[in-house]
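Asks: no letters, just coordinates:
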């Protein structure tokens, strides 16, 4: 536990840097004889210089020579430490008896005198009082201070200014107990922040520093009843400034494999530290993390890529946004309409395009995702681009399905692109640029009321002042029905690996009758999946080409809300301002007689391999 800070990383709070404090910088310059600005008078104090030559009969300056004097002066102020300088001066000062003990027929009040000397080539040479002050660039006050600190053993006491120990100073034992308690707290690591801050830890949800302090007081009564607890202010300062511990972890989806392995490893370390199973569990966890890191490294490698023939994007769907979003108590008891936001984030440039629609316009199935990706590739990708790489999570109903694959095959058959690769990040480890964009949007609308889809579009457009989001208001005509292509292909069980185990799907000119699946991120041995109907020998007779297929709109009329939701939305209109009330009334009035949107989307059930 003693090396907790060294092993676990420092706090993210700004650390103390005493060497950069103005008072310490002034002190350092003062002790080095350099010019500085006084903290009290705010005036510049000039640098130390060699004083005026003496006028004594010994002619000390002529005897030493200016080269020697300058060398002595520089060596003295280069020491830079006040106490060491005093020790140096003390060795050059000595007491002696006065030669003349009478002055005008009376005893002299001065019984002893001070002898001054300097070191030249290791030998002491006596000089006069004025020459000693001038050679070292000091005053009589400094010499008197040095002589006053000399002890009987001819040594100089250390400078004690500012080193007095306060009476209320907390002892090192009490400080150690505070750190011991903080290190014993049950903390968890964040999931998505591991890459940037692997040592960042969090207390469990609902915890607080105040609660941790009260737990410390109770813990101290049990463990060390004789010790007096520190005050909460000191405990809080140690907790915040010295430990990289947050109050609550980000609410994200953790990886199931990581969670299971970590629990097993933690239990075995407590119950059976020498278990033969423990090394295998740690090996599995390390291998799993290595695989997920390979996918993240692959995505990061394209950041700032300047290849004009390559486009790299990440796609993700934001958590559904309630409409209207209110602050009144009624929002907790009323059903609301959902607004959806699909993000296409350019990994190369960091620019993002948002597709916004509500649950009356469409659902959140594979046809919607395929339509928006196709719309982006058709309208916002340069004609020079011949290869596309797409990163997403593993959601089967939205990203990892045949509807999306078939939408890519259409581009290949049209000759628009030569290669399209879809990389699926590991579940629980799918942090992308889209998530940062969603975080910015969440902060923007966190304390705001939002009354309609158009109001959300306004907020999202103005989320950032630089590199603003491109926002597309989705219409029903934009959502195409890719499910009709399923009648034109065969869904044959794949050999070697299953559809759901694929890490990368590749569609290219080299294999136009299907696609290839990579089960490992860094492998070059794919499994080919043929989607052409019939036997392969009939390929020359039946040409598999989807480029000429005309895709109809998936929804011809607005989708229907449930009666309960329509009734609750009607009640919530009383809390919506007039400029936005009309848009929400129109949305409720536009609902058609299509199947209720609360029923499951059956289209996604038959597009995935078992």
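Replies: Looks like it arrived, so ask away. Remember, predicted model here, so these are calculated numbers, not experimental data. Residues are numbered from 1 along each chain as shown.
Asks: going forward, measure contacts and count neighbours with C-alpha atoms only.
Replies: Will do.
Asks: next secondary structure after the helix or strand of the chain with the lowest mean pLDDT?
Replies: Lowest by mean pLDDT, DSSP states H and E among the helices and strands of the chain is helix 4-8, with a mean of 43. The helix or strand immediately downstream of helix 4-8 is helix 22-31, counting by DSSP states H and E.
Asks: how about the contacts made by the nearest residue to residue 425 once chain neighbours are set aside?
Replies: Leaving out its chain neighbours, the residue that sits closest to residue 425 by C-alpha to C-alpha, 6 or more residues apart in numbering is residue 393, at 5.2 Å. By C-alpha atoms under 8 Å, 6 or more residues apart in numbering, the residues touching residue 393 are 316, 399, 424-427, 430.
Asks: could you do residue 351 as well?
Replies: Residue 351 touches 345, 467-469, counting by C-alpha under 8 Å, 6+ apart.
Asks: ok, now with 7 Å
Replies: 345, 467, 469 (C-alpha atoms under 7 Å, 6 or more residues apart in numbering).
Asks: out of these, which end up buried?
Replies: 345, 469 (16 or more other C-alpha atoms under 10 Å).
Asks: from the contacts of residue 393, pick the one nearest residue 71.
Replies: Taking C-alpha to C-alpha as the measure, residue 71 sits nearest to residue 430 out of these, at 66.2 Å.
Asks: count the neighbours of the closest one for me.
Replies: Residue 430: 21 surrounding residues under other C-alpha atoms under 10 Å.
Asks: backbone dihedrals for it, please?
Replies: Backbone torsions of residue 430, given as degrees, to the nearest 10, read phi -110, psi 40.
Asks: try residue 560
Replies: phi -100, psi 130.
Asks: and it, what are its bridge partners?
Replies: residue 596 (DSSP bridges).
Asks: residues near it, how many?
Replies: 20.
Asks: tell me what the longest helix anywhere in the chain is packed against?
Replies: Longest helix in the chain, counting residues (DSSP state H): helix 278-300. Other elements packing on helix 278-300 under the criterion 3 or more C-alpha pairs under 7 Å, 6 or more residues apart in numbering; DSSP states H and E are helix 256-271.
Asks: now do the helix it packs on, average pLDDT.
Replies: Across helix 256-271, pLDDT averages out at 83.
Asks: same deal with stretch 516-534?
Replies: 81.
Asks: going by neighbour count, which residues of that stretch are buried?
Replies: For stretch 516-534, using 16+ other C-alpha under 10 Å, the buried residues are 516-521, 526-533.
Asks: show residues contacting it.
Replies: So stretch 516-534 is in contact with 294-295, 489-491, 494, 501-507, 513-515, 544, going by C-alpha under 7 Å, 6+ apart.
Asks: looks to me like residue 555 is in a helix.
Replies: No: going by DSSP: H, G, I helix; E, B strand; the rest coil, the assignment for residue 555 is coil, not a helix.
Asks: quick check: it touching residue 476?
Replies: Yes: using C-alpha atoms under 7 Å, residue 555 is in contact with residue 476, at 6.2 Å.
Asks: kindly provide the distance from the residue nearest to residue 425 to residue 505.
Replies: 13 Å (C-alpha to C-alpha, to the nearest Å).
Asks: likewise residue 255?
Replies: For residue 255, the distance to residue 505 - C-alpha to C-alpha - is 22 Å.
Asks: with neighbour numbers in mind, choose between the two.
Replies: residue 505 (23 against 14).
Asks: which secondary structure state is assigned to that one?
Replies: Per three-state DSSP, residue 505 ends up strand.
Asks: mind showing which ranges of the stretch 101-250 of the chain have poor pLDDT?
Replies: Scanning the stretch 101-250 of the chain with the threshold set as pLDDT under 70 gives 101-109, 111, 151-155, 188-198, 204-206, 248-250.
Asks: just the strands in it please.
Replies: Using DSSP state E, counting those that start in this stretch, the strands found in the stretch 101-250 of the chain span residues 112-120, 123-127, 187-189, 201-203, 245-246.
Asks: which parts of the first one are buried?
Replies: Okay, so that is strand 112-120. 115-118.
Asks: so which elements touch that strand?
Replies: So strand 112-120, by 3+ C-alpha pairs under 7 Å, 6+ apart, packs with helix 82-92, strand 93-97, strand 123-127.
Asks: what residues does it touch?
Replies: Contacts of strand 112-120 (C-alpha under 7 Å, 6+ apart): 92-98, 124-129, 132.
Asks: what pairs with that strand, and is each one parallel or antiparallel?
Replies: Here, using DSSP bridges, strand 112-120 pairs with strand 93-97 (antiparallel), strand 123-127 (antiparallel).
Asks: now for residue 555: which residues touch it?
Replies: By C-alpha under 7 Å, 6+ apart, the neighbours of residue 555 are residue 476.
Asks: ChimeraX command for the buried members of the contacts of stretch 516-534?
Replies: Listed next is the ChimeraX selection for buried residues among these, using 16+ other C-alpha under 10 Å:
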select :295,489,491,502,503,504,505,506,507,513,514,515,544
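Asks: which parts of the stretch 101-250 of the chain are helices?
Replies: For the stretch 101-250 of the chain, the helices defined by DSSP state H, counting those that start in this stretch cover 129-136, 140-148, 172-183, 209-223, 232-242.
Asks: quick one: contacts of the shortest one?
Replies: Contacts of helix 129-136 from elsewhere in the structure, counted by C-alpha under 7 Å, 6+ apart, are 50-54, 60, 69, 73, 76, 116, 139.
Asks: for residue 343, which residues make a bridge with it?
Replies: Applying DSSP bridges, one finds that residue 343 bridges with residue 316, residue 354.
Asks: residue 427 versus that one, what's the distance?
Replies: 19 Å.
Asks: likewise residue 228?
Replies: 49 Å.
Asks: residue 398 too?
Replies: 14 Å.
Asks: higher neighbour count, these two?
Replies: Set residue 398 next to residue 427 and count neighbours by other C-alpha under 10 Å: residue 398 wins out with 21 against 16.
Asks: and that one, what pLDDT?
Replies: Residue 398 is given a pLDDT of 88.
Asks: grab the nearest non-local neighbour of it.
Replies: In space, residue 398 is closest to residue 366, 4.3 Å off (C-alpha to C-alpha, 6+ apart).
Asks: and what of residue 79?
Replies: residue 85 is the one closest to residue 79 (C-alpha to C-alpha, 6+ apart), at 6.6 Å.
Asks: quick one: the residue nearest to residue 398 and residue 399 touch, right?
Replies: Yes: Residue 366 is in contact with residue 399 according to C-alpha under 7 Å; the separation is 6.5 Å.
Asks: which residues do the two both contact?
Replies: By C-alpha under 7 Å, 6+ apart, no residue touches both residue 366 and residue 399.
Asks: out of the helices of the stretch 101-250 of the chain, deepest packed?
Replies: helix 129-136 (a mean of 22; mean count of other C-alpha atoms under 10 Å).
Asks: and the angle from it to strand 123-127?
Replies: In terms of direction (axes from the mean of the first three to the mean of the last three C-alpha atoms, to 10 degrees), helix 129-136 departs from strand 123-127 by 130 degrees.
Asks: returning to what we had before: from the contacts of residue 351, which has minimum pLDDT?
Replies: Out of the contacts of residue 351, that is residue 467, at 88.
Asks: the closest residue to that one other than its chain neighbours and residue 148, how far apart?
Replies: Leaving out its chain neighbours, the residue that sits closest to residue 467 by C-alpha to C-alpha, 6+ apart is residue 351, at 6.4 Å. Residue 351 sits 71 Å away from residue 148, going by C-alpha to C-alpha.
Asks: same question for residue 349.
Replies: Residue 349 is 70 Å from residue 148, by C-alpha to C-alpha.
Asks: could you give me the buried positions within stretch 145-161?
Replies: 146-147, 149-150, 156.
Asks: actually stretch 277-290, not the one I typed
Replies: 278, 281, 285.
Asks: which element is residue 586 on?
Replies: helix 578-589.
Asks: give me the contacts around that helix.
Replies: 451-452, 566, 573.
Asks: of these - the most surrounded one?
Replies: Busiest of those [other C-alpha under 10 Å] is residue 452, holding 25 neighbours.
Asks: residues in contact with that residue?
Replies: Here residue 452 is in contact with 323-324, 580, 583-584 (C-alpha under 7 Å, 6+ apart).
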